[in-house]
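Q: Let me see the structure of the following:
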Amino acid sequence: MGSAQEHGAFNANADPNTNTSFLNLALDRIPHPTAALPNIRKPVTVGAILLACTLRATPVLAQKELPTEHETDEQHTENTEDQASEESETAPEAAQELLYPTGPSGNAFYETPDDLPANNGDIIWQRETRFMPTLVERSNARAWKVLYRSSTANGEPTVVSGTILAPPESAKETSTPRPLILFAPGTQGMADHCASSKLMEQGLSYEGPVLKELLKHGYAVGITDYPGLGTEGEHTYVVGRANGPAVLDMGRAALNFPQAGLTAESPIGIWGYSEGGGAAVWAAQLQDSYAPELLVKGVAAGGIPADLKRVADWVEKGKLFYGLQPMAAVGLNEAYPELELESILTDKGKRERDIIRSSCLLDGLARTAFGRASQATTVNIFKLPNWKLRLDENKAGKIAFNIPVYMYHGLLDEAVPFDQAKALRDTYCRMGMPVKWDTIMFAEHIIGLYYGAGRALRFMQQSLNDNPPSSNCHQRRQWWR
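A: Here you go, the predicted model:
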């Protein structure tokens, strides 16, 4: 007989310092860059392989699979449903009854129905799917795609898709409520085929190994796709006031999904990196007013794009990550149509817009590298009053929250500048918030994702057990701390 942890049962009394997974290879602070390399080689290698596969695979998916997706999805759905039927024969009887209708297959799953449910977080429909942490591994965790109601940045109703993951024994009752991790994905791209719910079932999500680790610890996981990623409209990329509600409503949806094994008393953690780090802190900032019923115990956020103007300046200087600029411009314009992006784009800007609309992360960055904003727009958007207003509204750090938060950032981050994330930490500390901050020495953006994941996991375990680590706001601050 395997241990409870091996079977996915939540152990509320587990010592968070005894985890022996690859993520825990990264728990201790790096003393020297050469000493760090053995510790981070495995997670970084896995991430690099997944990122490279995504770069190569997503254009193929766009060009070959998507035009015939109905046919492909029918075949995939038939296989998935056959497997699900076999698994259901041994599943607990309580898990058999579904409260929500089964949604259509293929892209039709993501289409907005004529009538929306009454409340934000209400599930419209669901469909059993699969979770592949990597290209060569299928998880035995149970997985469902869901379409649920949420709200836009302006408070209007909208639909968002996402995924609910649960350990194999999710229907089994435990002595304590099963915890839920609301996982906010990092940047995936802008095209609909880049949605996390689609990438995870193909083994193409670079965050798959992290999600696998959460499931091993007995947590249920809710992963939003964000507005407009899979569903209609453009993706509201890095728009905190749109993405934060999507994360919180994913929590509502997961708590009301019986197969996840959750209850209204389930403790909740919010975790994200990069775009997900921004969405995580925005979810925390909005939680008290938007979803006060959620029992959020801790927030882990890394690589946070807190100040979009500063990030835009940084990536233009960085050249290779310039494509994040048109992504953010399209995302803001989707959230706030009065910005009228189309009216200020040059021909070059329109070409860049079309590229990122049809691309996932790396292929979009590769095709727009070395661009300049001055060549993409007829005016400097940062000098336009309506753009300045919306950028300022989506700058993190203006709403305090009383939830333990762990923030981490790579000192050498080439995509999201270190200084603006540290400024957010300083702002939160001045507000009296319980903040634990880590500078990941010698780490750039990708290394920061995997190296920081071990520390974030330990923080999440402690916070979900009502024993969060102490704030280090009081520590003496050097320029790099």
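Q: With M250 as the reference, measure out to the residue nearest in space to the middle of the chain.
A: Nearest to the geometric centre of the chain sits P185, at 1.6 Å (Cα atoms, centre = their mean). The spacing between P185 and M250, counted by Cβ to Cβ, to the nearest Å, is 11 Å. From N, CA and C alone the C-beta is placed, and that goes for glycine too.
Q: what is in contact with these two at once?
A: Residues within reach of P185 and of M250 at once, by Cβ atoms under 8 Å, 6 or more residues apart in numbering, are 223-224.
Q: Would you confirm that F257 contacts W144?
A: Yes. When contacts are counted by Cβ atoms under 8 Å, F257 is listed as touching W144 (7.1 Å).
Q: overlap in contacts of those two?
A: 126, 164.
Q: picking that back up, list the contacts of the residue nearest to the centre of the chain.
A: 196, 205, 207, 223-226, 272, 275-276.
Q: Can you check the pLDDT for it?
A: Looking at P185, its pLDDT stands at 98.
Q: And the helix or strand harbouring L332, what does it pack against?
A: Secondary structure from DSSP states H and E places L332 in helix 324-335. Helices and strands touching helix 324-335, by 3 or more Cβ pairs under 8 Å, 6 or more residues apart in numbering; DSSP states H and E, are helix 308-318, helix 347-357, helix 361-368, helix 373-376, helix 385-393.
Q: between those, which one is nearest to Y450?
A: helix 361-368 (15.9 Å; Cβ to Cβ).
Q: What average pLDDT does the closest one get?
A: For helix 361-368, the per-residue pLDDT averages 95.
Q: tell me what it is packed against?
A: Applying 3+ Cβ pairs under 8 Å, 6+ apart, one finds that helix 361-368 contacts helix 33-60, helix 324-335, helix 347-357.
Q: just flag whichever of the ones you listed has the lowest average confidence.
A: Among the helices and strands packed on helix 361-368, helix 33-60 scores lowest, at a mean of 41.
Q: Can I get the contacts of P185 in JSON lines including distance to E444 and pLDDT?
A: Formatted as JSON lines, these follow (distance: Cβ to Cβ, whole Å; pLDDT from 0 to 100):
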{"residue": "S196", "distance to E444": "23", "pLDDT": "98"}
{"residue": "S205", "distance to E444": "20", "pLDDT": "97"}
{"residue": "E207", "distance to E444": "17", "pLDDT": "97"}
{"residue": "I223", "distance to E444": "25", "pLDDT": "98"}
{"residue": "T224", "distance to E444": "26", "pLDDT": "98"}
{"residue": "D225", "distance to E444": "26", "pLDDT": "98"}
{"residue": "Y226", "distance to E444": "24", "pLDDT": "98"}
{"residue": "G272", "distance to E444": "18", "pLDDT": "98"}
{"residue": "E275", "distance to E444": "16", "pLDDT": "98"}
{"residue": "G276", "distance to E444": "17", "pLDDT": "98"}
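Q: So which of these are in strands?
A: 223-224, 272 (DSSP state E).
Q: where does the stretch 351-481 of the chain dip in pLDDT?
A: 476-481 (pLDDT under 70).
Q: which residue ranges form the strands in it?
A: Using DSSP state E, counting those that start in this stretch, the strands of the stretch 351-481 of the chain run over residues 405-410, 435-440.
Q: Highest mean neighbour count out of those?
A: Highest mean neighbour count of those: strand 405-410, a mean of 26 (counted as mean count of other Cβ atoms under 10 Å).
Q: other SSEs contacting that one?
A: So strand 405-410, by 3+ Cβ pairs under 8 Å, 6+ apart, packs with strand 296-302, helix 418-430, strand 435-440, helix 445-464.
Q: could I get the ones you listed as CSV with distance to I124?
A: What follows is the helices and strands packed on strand 405-410, written out as CSV (distance: least, Cβ to Cβ, whole Å):
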stretch, distance to I124
strand 296-302, 24
helix 418-430, 35
strand 435-440, 37
helix 445-464, 29
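Q: just the ones you listed: most buried one?
A: Most buried among those, counting by mean count of other Cβ under 10 Å: strand 296-302, with a mean of 27.
Q: Summarise which helices and strands it is packed against.
A: Against strand 296-302 (3+ Cβ pairs under 8 Å, 6+ apart) you get strand 268-273, helix 275-290, strand 405-410, helix 445-464.
Q: So which elements touch the first one?
A: Which is strand 268-273. strand 180-184, helix 240-255, helix 275-290, strand 296-302, helix 445-464.
Q: Between the ones you listed, which one is closest to E156.
A: The nearest among the helices and strands packed on strand 268-273, by Cβ to Cβ, is helix 240-255 at 10.4 Å.
Q: element containing the closest residue to A328 other than its chain neighbours?
A: By the measure of Cβ to Cβ, 6 or more residues apart in numbering, the closest residue to A328 outside its immediate chain neighbours is V238, 5.2 Å from it. According to DSSP H and E, V238 maps onto no helix or strand at all.
Q: where exactly do the strands run in the stretch 101-250 of the chain?
A: Under DSSP E, counting those that start in this stretch, the stretch 101-250 of the chain gives strands at 123-129, 142-151, 157-166, 180-184, 220-224.
Q: Mean neighbour count added to the ones you listed, as CSV?
A: Shown next, in CSV, are these (neighbours: other Cβ atoms under 10 Å):
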stretch, mean neighbour count
strand 123-129, 21
strand 142-151, 25
strand 157-166, 26
strand 180-184, 29
strand 220-224, 29
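Q: looking at these, which is closest to F442?
A: Among the strands of the stretch 101-250 of the chain, strand 180-184 sits nearest to F442 (Cβ to Cβ), with 25.6 Å.
Q: which neighbours does that closest one have in its sheet, and in what orientation?
A: Here strand 180-184 is paired, per DSSP bridges, with strand 220-224 (parallel), strand 268-273 (parallel).
Q: What lies in contact with the shortest one?
A: By Cβ under 8 Å, 6+ apart, the surrounding residues in contact with strand 220-224 are 160-167, 170, 178-185, 196-197, 200, 211, 214-215, 243, 246-247, 249-251, 253-254, 260-262, 266, 279.
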